[in-house]
Structures are given as structure tokens and as C-alpha cells.
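> I would like the atomic coordinates for the input below:
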Amino acid sequence: MKHPVWFRLLCIVLFSHSFFSCTQQKEVGIEGELKKWHRITLNIEGVETNELAAENPFLDYRLDVTFTNGDKTYIVPGFYAADGNAAETSATSGNIWQARFTPDATGKWRYSISFKKGKGIAVADSFENAESVGSIDGERGSFSIVETDKTGRDNRAKGRLNYVGESYLKFEETGKYFIKLGVDAPENLLGYIDFDASTNALNLRKNWEPHAKDFAEEAQPFVWQGNKGKNLLGAINYLAFEELNAFSFLTFNVDGDDRNIFFYLLKKPISDYEKYASNKKNIEAWETFFHKTRLDVSKLDQWERIFEYAETLGMFLHFKTNETETDHLMDKGVFGTEGKLYYRELIARFGHHLSMNWNLGEENDQPTEEVLKVAHYVKRLDPYNHHRVLHTFPNKDGRYEDFIGDKSPLTGASLQLSDSLFTDVHPRVLKWREKSNATGKKWALSVDEPGKANIALLPDDEDSKHDMARSNALWGTLMAGGFGLEWYFGYSSPNSDLTCEDFRSRDLFWDQNSYALHFFEEQLPFWEMEPADYLIKGGKGFCFAKKDEVYLVYLQMGAETISLDLGNSGNTFEIKWFDPRNGGEMMYGSLQSVKSNGGTRFLGYPPKEIKKDWIIKVSRDKKFGT
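You can find the predicted model right below:
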């Protein structure tokens, strides 16, 4: 039987559609372990292009992938990935586009792809009428996720670290609150010789050679191009071994302090850039040397290797997106195309990490309206709603008044201080805790640059005891209700803020951080406690309390003893002492217990080394009755 022409044409159309639908699945590959909290990468075969193509792959194309699971929906920005393996190949061209996602639930996840093109579409407010990119636009698929198999410090065992409207960030999987203790230096951590197109302006490029011996075999999957990356991976492993859990880094410092950290393509040879940038009087590099919307895909992919390894070690990633010398460069200081693309690419490539924050500017001094534009943009674009902070000059912290409460999408502050003995830390944290709490939107506060700018945290060979750093900054932050602290190394010290390549330069002090971290995590319901210095009498120190349950008193050096107002409940409290200098088990002092029967109660003397600093835990205990 001969079918009519219309029937044969219909069959051809249906067959073509069926064949096309089958081949579509080959155009989308899923990479990664299909487990909860693990990074999943969609590799999409899209437009064949290159970093310098006439149609800008970073600006004139827009890839977004919507992931859904039940009532959960995430719209994740994607990015151009060259050949999909640029960390290894240094590729500048290819047809692979990617979206990275960390699923927060088991079961079946569905995805749908939006792939559009048009002039400047990547940062456009609307793209409803944009042109579809081939057959990928509208493509759908699914995958199934099972529980993670990770344990211990690995962030994938703990889940995403979220701002939950409280003074402390909280891990979504475990429900535990987070105390952050890490390093704020060197800020040019990513100025590393093993990254593609690394520059050496001002002779500040790093090789991290002192940490070659700290490279661990489990980090081997994260190296690239043979053995590249080993030394920096070793440095991160050293920090984790010392039980520090955070590090920070600038992602853009063109015309800034170091000038070697950027992921943009140079218009001129590296040697020309280095010669220009090595003269600090030259501050027009962004205008003259860079393709402002063209990115170095392989360098970005190599950065991801470092961050991905840090994730396995339980590290908090502090993205410092600008510094005071650079925050006015893009778009000449008015938030526009360059700035929007910058943040879009950061979020697309690194926003999937679980424990992190976006810092919108170190020592930021921009007009309030420009900061608000950035903050709202980041909040809108980041599918995971990561913690958002702003860092400002120590003598200009009053500008936080413009951002607390409902005035901005910021969820905390990254505080800088300036006193050589760190005495300004505790009152500054108290100040912004009280002010933000009063708005009804509690900020999660971190002290990320304590100390006088030129010295800050000195190396061990210049200050082996670190008494003031421990007493006034470390315990001063925690006893004021700050969720964490990162150590700044000073600009004129050996292994400084810019020259450090050896974290062992402060090795003796890292143990004291570890003692504090373990104490807070193991001994206290710190997330339920409040600063209560007004309860202490007759001594010098700080108080942190959950009234009528547990009181923590920090007895500062030289104080010998102290008294505490326990109220008049009639309950009996156990008194135990902890040595913040050397760690170890808790001990009894001259008194083992005290009864709250009104007025202040004497807490006794420490078990040894009177006039040294001590931690006193005063808690209700069944041993002494109620």
C-alpha cells in the first residue's frame, strides 16, 4: 500500500524527532559521584568556540540549569569550560559548557537547561526573548542521588554551612553550629607559580616550597599537568593537620597590593605586564592590559582543584572578591557589566562549595549604593544563599550602620581591628553583635584582620607565647559571641601578609587555636550562650553565659581570681578550670562548687600558675545536686 505524501512526511518528521531526542542525551554528560553533598557537573556539548571568539562565550551566551527534587528548586548559572578538562590541557577552545551543583537531598533530581545567546545576555536582567542556542536549550534529564559515604571533617559529611538568622552558621546535614579559626594571610595565596599564566609582578609570586613535605597522597587526584599544585595542596593540608578550618584569598588584585591574582586574559605579553605592574605608581593596568570580559578558563579550573581538595579537609573558603585598591576598577566604580560578569563567574564556578562566604570587599570604601547593588546581585544569583559579608577599615566601621537589619542582604561583617595588643577586638564584636541583634536580624560576625597592620600576629621567633593574641583576640572574639577569627600576619613581619609561603612561621600558636576550638565544640552549647561581662566582679576578664545553666569566664593574666553573679536560684554549680595556653584536661581549683544564693560568688583560685590566664567553666552538675 502506498501512503499519501502527507503521511510519509509526517513519518519522516516523527522519526527525525525520535532520533534527535535520543541523541540529545549524548550531548549532556554527568560527572561526579551521585551522592548527597558531592559536586555534580553537567558537561554539555554546546557551541564550539574559544576564549577570544567574536561572540564572547562569557558575556554573549547564558547557560542556566534548573535542578528540582520535590519542592526543592535551584537555578544554577553555568559557564564556558573550553574542552571540559582545561586544568590538564590548558585548552582555550572547545565545545564544553558546564554547570556545577551540590544536591542536598537523595532521590531523583530532574534538570532542565536554558541556553541562550545575545549581546551581553550573561548579565542581562531579562532574556525571555533571547535566541536559543541549538537543540540544548530546553533539554531535560534526571539522575538519582544516594546518601554520602563521607565522615569526619570532610564538608560532604556535614552538608552546606548556612546562615540561619543566628549569630552562628549551621551545617545543614549534622545540625551543628560552626566555629571558624583560620588564616587571613597571605591574601595573595592564589598568586602561585603552578597556575597557568601566573605573573610575578613585585616579585611576590609564590611556589609554596616549604610545604612540599606536607603533600599527602590522598591529594594526588587534585594535582594537574603531572605534579603541579602539590606545594599549595600541601600548605592546605598543613593547616588542616593543625586543626585550622579556614583560609582566605583574594580573587582579584589588579592594581592592588600584589597584582598577580586575576582570571582575566592579558592583551599583552606577561613580561610587559610584569614590568608595568612592578612600578606601584602605575595604576592603570585594568584599563590598558586586560580583556575585561575574557577569562582564563584553565586557571579557573586549576583554582577549583585547590578548593575541591580543601572541601575534603573541612575547610571554610573565604572569598575576598575585592580590596580597597580594586573595588572601583570594574565599570569605573559603578556596578555594571564587568562587575556583574565577575560575580556571575565566581558563583557559577565556585558557588557549589559547601563551607564558604562571599566577602564583597576588603577595606571596602565604596559608596553605600554601589555595595548594595553588589549585595543584591549576589543574593539573587547565588542559588545556595551563602553567607555574605563586608570588610571595612577599622576606623570606619560605622558604615555598617548602612547595612544592618533590613537595610541590606548582608548576613554578617568581616571585622578589621588595629590595636597592637588586640584590646579592641572584644568590644568591637560586642558592638556589632548588639547593634545587629537590635534590628531583629542577627549578624554572624567574624574577626578577620585583628592587630596593628604592620605587625598583627607575629611569627613564633618574635613572639613564642602569643599571650596578647590568645587573650585579647582569640578568646576575646569567642567570648563576645563572634563565630570565628582569621589571623592576619602584618605587612612588615617575616612571612608577612604578602610574602608568607610558610604557615609554620606561626606553628606554636596554632595549637592554642586548636585548644579553643575543641573547648567550644565539646564543652559548650555556645550557640545558646550570650556575652555577659556584667556578671563578673573583682577581676579582669570576659563572661559568656546561658544563665542558670552554664557560665564561661575568661580570667585574664594577672587577675588571680574573680567572682561571678549566679543569681539566686539556689542551684549548685561545679567549678572547673581549663588551661588555654597548653590545653589538656579540665581541673579543679581551690573550690569545686558554689551555690547561687544571691549576689556574686567567689570562684576560687586556679589549680596552678596563679596570675596566668585561665578558662573557668561554671555549670550545673548532678554531682552537686540542683
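> Pull up the gap between the closest residue to Gly405 other than its chain neighbours and Glu401, please.
Using Cβ to Cβ, 6 or more residues apart in numbering and skipping residues adjacent in sequence, the residue nearest Gly405 is Thr439, 2.9 Å away. All C-beta atoms are positioned from the backbone trio N, CA, C, and that covers glycine. Counting by Cβ to Cβ, to the nearest Å, the separation of Thr439 from Glu401 is 10 Å.
> Sketch out the low-pLDDT regions of the stretch 151-300 of the chain for me.
In the predicted model of the stretch 151-300 of the chain, no residue satisfies pLDDT under 70.
> can you give me the strands in it?
For the stretch 151-300 of the chain, the strands identified by DSSP state E, counting those that start in this stretch occupy 161-162, 170-171, 180-183, 246-250, 264-266, 290-295, in order along the chain.
> Can you say which of these is nearest to Met356?
Comparison of the strands of the stretch 151-300 of the chain against Met356 by Cβ to Cβ identifies strand 161-162 as nearest, at 7.4 Å.
> what sits up against that closest one?
With Cβ atoms under 8 Å, 6 or more residues apart in numbering as the contact definition, strand 161-162 has outside contacts at 155, 169-172, 178, 316, 354-356, 385, 387.
> which one of those residues sits closest to Arg506?
Within the contacts of strand 161-162, distances to Arg506 taken as Cβ to Cβ reach their minimum at Phe316, with 18.3 Å.
> Surely that closest one is in contact with Phe249?
No. Between Phe316 and Phe249 no contact is recorded; they are 11.8 Å apart, counting by Cβ atoms under 8 Å.
> For these two, indicate the residue with more neighbours.
Applying other Cβ atoms under 10 Å to Phe316 and Phe249 shows that Phe316 carries more neighbours, namely 26 against 22.
> Could you measure from Phe542 over to Trp286?
With distances defined as Cβ to Cβ, the gap from Phe542 to Trp286 amounts to 44 Å.
> Please say which of these two ends up with more neighbours.
Phe542 (22 against 19).
> Now the more buried one: closest residue in space, sequence neighbours ignored.
Nearest-residue entry for Phe542: Met479, 3.7 Å, with adjacent residues in sequence omitted and distances by Cβ to Cβ, 6+ apart.
> same deal with Asn155?
With Cβ to Cβ, 6+ apart as the criterion, Asn155 has its nearest non-adjacent residue at 4.3 Å, and that residue is Leu354.
> Next: Tyr238.
Once chain neighbours are set aside, the closest to Tyr238 by Cβ to Cβ, 6+ apart is Asp214, at 4.2 Å.
> Now do that neighbour against Asn231, distance only.
Shown here: Asp214 relative to Asn231, a distance of 9 Å by Cβ to Cβ.
> what pLDDT, on average, does stretch 370-383 get?
What stretch 370-383 shows for mean pLDDT is 98.
> Could you tell me how far that stretch lies from the centre of the chain?
Its chain's C-alpha centre lies 16 Å from the corresponding centre of stretch 370-383 when counted by Cα atoms, centre = their mean, to the nearest Å.
> Show me what counts as buried in it.
Judged by neighbour count (16 or more other Cβ atoms under 10 Å), stretch 370-383 contains these buried residues: 370-375, 377-379, 381-383.
> Need those in a markdown table (columns: secondary structure and distance to Lys72).
Listed next are the buried residues of stretch 370-383 as a markdown table, based on DSSP: H, G, I helix; E, B strand; the rest coil; distance: Cβ to Cβ, whole Å:
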| residue | secondary structure | distance to Lys72 |
| --- | --- | --- |
| Glu370 | helix | 33 |
| Val371 | helix | 31 |
| Leu372 | helix | 29 |
| Lys373 | helix | 29 |
| Val374 | helix | 27 |
| Ala375 | helix | 24 |
| Tyr377 | helix | 23 |
| Val378 | helix | 21 |
| Lys379 | helix | 18 |
| Leu381 | helix | 18 |
| Asp382 | coil | 16 |
| Pro383 | coil | 11 |
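> In JSON lines: these, plus distance to Gly484.
Output for the buried residues of stretch 370-383, formatted as JSON lines (distance: Cβ to Cβ, whole Å):
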{"residue": "Glu370", "distance to Gly484": "27"}
{"residue": "Val371", "distance to Gly484": "22"}
{"residue": "Leu372", "distance to Gly484": "25"}
{"residue": "Lys373", "distance to Gly484": "27"}
{"residue": "Val374", "distance to Gly484": "23"}
{"residue": "Ala375", "distance to Gly484": "21"}
{"residue": "Tyr377", "distance to Gly484": "26"}
{"residue": "Val378", "distance to Gly484": "20"}
{"residue": "Lys379", "distance to Gly484": "22"}
{"residue": "Leu381", "distance to Gly484": "25"}
{"residue": "Asp382", "distance to Gly484": "20"}
{"residue": "Pro383", "distance to Gly484": "24"}
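> Quick check: the two most widely separated of the residues you listed?
Of all pairs drawn from these, the greatest distance, 23.8 Å, lies between Glu370 and Pro383 (Cβ to Cβ).
> What is the nearest of the buried residues of stretch 370-383 to Gly339?
For those, with Gly339 as the reference and Cβ to Cβ as the criterion, the closest is Val374, at 6.8 Å.
> In contact with that closest one, which residues?
Remark: with contacts taken as Cβ under 8 Å, 6+ apart, Val374 is in contact with 335, 339, 343, 360.
> Compare these and tell me which is most surrounded.
When the contacts of Val374 are compared by neighbour count (other Cβ under 10 Å), Leu360 ends up highest, at 28 neighbours.
> Not counting sequence-adjacent ones, nearest residue to Ser248?
In space, Ser248 comes closest to His318 once its chain neighbours are excluded; the distance is 3.4 Å by Cβ to Cβ, 6+ apart.
> Can you tell me how far the residue nearest to Arg399 when sequence neighbours are not counted is from Gly412?
The shortest distance from Arg399 to any residue other than its chain neighbours is 5.8 Å, reached at Thr392 (Cβ to Cβ, 6+ apart). Separation of Thr392 from Gly412 (Cβ to Cβ) stands at 13 Å.
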